[in-house]
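Undergrad: Sequence and predicted model, in that order:
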Amino acid sequence: MPPSSAHSTSPLLGSHLSVAGGMHLAITEALSLKLDCLQVFTKNQQQWKAPPLAAEAVTAWRTAVAAAGWNSLTAPRLVSHASYLINLASPNQELWDKSLDLMTEEITRCDTLGIPLLVSHPGSSTGTPKPEGITRIAQAYRELFKRTAGCRIISCLEATVGAGSMIGGTFEELATLRQQILDLTGQPDRVGFCIDTCHIHAAGYALDSAASTAAIITQMDAAFGLQSIRCLHLNDSLAPAASRKDRHAHITLGTISRDAWAVILRHPLLGALPAILETPKGDSPSGTPFDAINTELLRALTAGREPTLTHAASAAPAPASAAAPTTKSRTQPSRKPTAAAASKPTSKPASKAAPAKAKTTTKSNTAAKPKPKATAKAATKATSKPATGRAGRSAK
Ligand SMILES: [Zn+2]
Ligand SMILES: [Zn+2]
């Protein structure tokens, strides 16, 4: 694709979707939600064991991917998120070995499925100094890349909130980590970053205005070069900046400035990356999937126009039960409580969507989203429940 395809006003927006019932169904759902890209778990993210991918499942997936035109490795539309159990920074040899094995499996599955990007949390040094944890991660990658020689899958180290021993909470730490991996593997094409807006905001890179967002992008560029970022996670943050709490909220219903999104998505490099929502699932009181609403908000804010959808009901708020039976309930077993929770604080008329160029002051933000904290809290609640034993429902 020519560089001009990085059109700054039409970002590649997607979401983390469930693979329950068959991986290929996530593609179907993504297309029905009018998404441009997709993130999945290729196995149950809460289990060490991974049953082998069935040949027919791989075929169904690859057929769906090709039909969608999403099979390019150079202009990626598909992202896999590695298991949360993996900790390549662990000082515990047994856990490190298990993590290495599972990470090998994650890369191999991506290779089999033609998923170009694999996002993983760097890890936690669990009580030992972080530099030691970083060294262990780099050593793990040396082994990983030996085991998976020839794979073109790009490992995307995800920025984290940096709580406790968690690695990846500063841009410098991420830069050091990637550099050490490169020193041991010599494969810069296989290691990049995933920047999660909620995580960096909670880590202290406050996305609280257009200006601060632009400054943070400059900081990232100085620390590790923006070209090493391979994908984005676009999540608003329920918790305030620098809280080091990882609580995803719907776009515009958290503590991130409404003006931050356009700065990120109009950026010539960042705006061309696959950008994945990991926001709460469910439907609005009017029955619109939250993924559709969040992507519409991002598109509208990027284009500087009025959004056609909001999280609130456009008319009188429907009773919670009315939102439950929809045709898309396959992936949303907890839809009813989610919609019910989200409808509460938005019972005021919200048909008046905020202008796209809202000021960054708290006042104008508040006008656009009544009781933002309560809304975000209520809406986030539903995702804090564990996935129902099937891969693919929640993502951090
Ligand atoms: Zn998160
Ligand atoms: Zn994320």
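TA: All right, it came through fine. Ligands and ions are numbered 1, 2, ... in the order given.

Undergrad: What parts of the chain come near ligand 2?
TA: Within the chain, the positions near ligand 2 by CB under 5 Å from the ion are 196, 233. Every C-beta, even on glycine, is put in place using the N, C-alpha and C of the backbone.

Undergrad: residue ranges with poor pLDDT in the chain?
TA: Scanning the chain with the threshold set as pLDDT under 70 gives 1-9, 313-396.

Undergrad: Quick check: nearest residue in space to the residue nearest the centre of the chain, chain neighbours excluded?
TA: Nearest to the mean C-alpha position of the chain, by CA atoms, centre = their mean, lies residue 233 at 3.2 Å. With sequence-adjacent residues excluded and distances taken as CB to CB, 6 or more residues apart in numbering, residue 233 is closest to residue 196, at 3.7 Å.

Undergrad: Would you list the phi and psi of the one you found?
TA: For residue 196, the backbone dihedrals are phi -100, psi 120 (criterion: degrees, to the nearest 10).

Undergrad: picking that back up, and the residue nearest to the centre of the chain, what is it in contact with?
TA: Going by CB atoms under 8 Å, 6 or more residues apart in numbering, residue 233 touches 119, 158, 194-199, 275-278.

Undergrad: Now render the residues you listed as TSV, adding secondary structure.
TA: As requested, those are exported to TSV (DSSP: H, G, I helix; E, B strand; the rest coil):
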residue	secondary structure
119	strand
158	strand
194	strand
195	strand
196	strand
197	helix
198	helix
199	helix
275	strand
276	strand
277	strand
278	coil
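
Undergrad: quick one: terminal-to-terminal distance for stretch 263-273?
TA: From its first residue to its last, stretch 263-273 covers 14 Å (CA to CA, to the nearest Å).

Undergrad: Could you list the buried residues of it?
TA: 263-267, 270-273 (16 or more other CB atoms under 10 Å).

Undergrad: And the residues you listed, which is closest to residue 299?
TA: Lowest distance from residue 299 to the buried residues of stretch 263-273 (CB to CB) belongs to residue 265, with 8.5 Å.

Undergrad: burial of whichever residue of the stretch 251-396 of the chain sits closest to ligand 2, as a residue count?
TA: Nearest residue of the stretch 251-396 of the chain to ligand 2: residue 278, at 5.1 Å (CB to the ion). Residues near residue 278, counting by other CB atoms under 10 Å, number 19.

Undergrad: now the strands for the stretch 201-350 of the chain?
TA: For the stretch 201-350 of the chain, the strands defined by DSSP state E, counting those that start in this stretch occupy 229-234, 236-237, 248-249, 274-277.

Undergrad: mind putting those strands in a markdown table, distance to ligand 1 included?
TA: Listed next are the strands of the stretch 201-350 of the chain as a markdown table, based on distance: least, CB to the ion, whole Å:
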| stretch | distance to ligand 1 |
| --- | --- |
| strand 229-234 | 7 |
| strand 236-237 | 9 |
| strand 248-249 | 6 |
| strand 274-277 | 11 |
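
Undergrad: Give me whichever of those strands is most buried.
TA: A comparison of those by mean neighbour count, using mean count of other CB atoms under 10 Å, puts strand 236-237 on top with a mean of 29.

Undergrad: Excluding sequence neighbours, find me the nearest residue to the residue in the stretch 101-250 of the chain positioned nearest to ligand 1.
TA: The nearest approach of the stretch 101-250 of the chain to ligand 1 comes at residue 246, 4.1 Å away (CB to the ion). Counting by CB to CB, 6+ apart, residue 246 lies nearest to residue 161, which is 4.9 Å off, once chain neighbours are set aside.

Undergrad: Quickly find the element holding the one you found.
TA: Here residue 161 sits in a region with no helix or strand, counting by DSSP states H and E.

Undergrad: Surely it is in contact with residue 241?
TA: No - taking contacts as CB atoms under 8 Å, residue 161 lies outside contact range of residue 241: 10.6 Å.

Undergrad: Which one of the two is surrounded by more residues?
TA: Counted by other CB under 10 Å, residue 161 and residue 241 do not tie: residue 161 has more neighbours, with 25 against 19.

Undergrad: Quick one: residues contacting that one.
TA: By CB under 8 Å, 6+ apart, residue 161 lies in contact with 169, 199, 202-203, 243-246.

Undergrad: same thing but at 6 Å, please
TA: Contact analysis of residue 161 by CB atoms under 6 Å, 6 or more residues apart in numbering lists 199, 202-203, 244, 246.

Undergrad: Dump those residues into JSON lines; add neighbour count and distance to residue 26 as well.
TA: What follows is the contacts of residue 161, written out as JSON lines (neighbours: other CB atoms under 10 Å; distance: CB to CB, whole Å):
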{"residue": "199", "neighbour count": "26", "distance to residue 26": "23"}
{"residue": "202", "neighbour count": "31", "distance to residue 26": "27"}
{"residue": "203", "neighbour count": "25", "distance to residue 26": "29"}
{"residue": "244", "neighbour count": "17", "distance to residue 26": "31"}
{"residue": "246", "neighbour count": "19", "distance to residue 26": "23"}
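
Undergrad: from the residues you listed, which single one is nearest residue 14?
TA: The closest of those to residue 14 turns out to be residue 199 (CB to CB; 17.7 Å).
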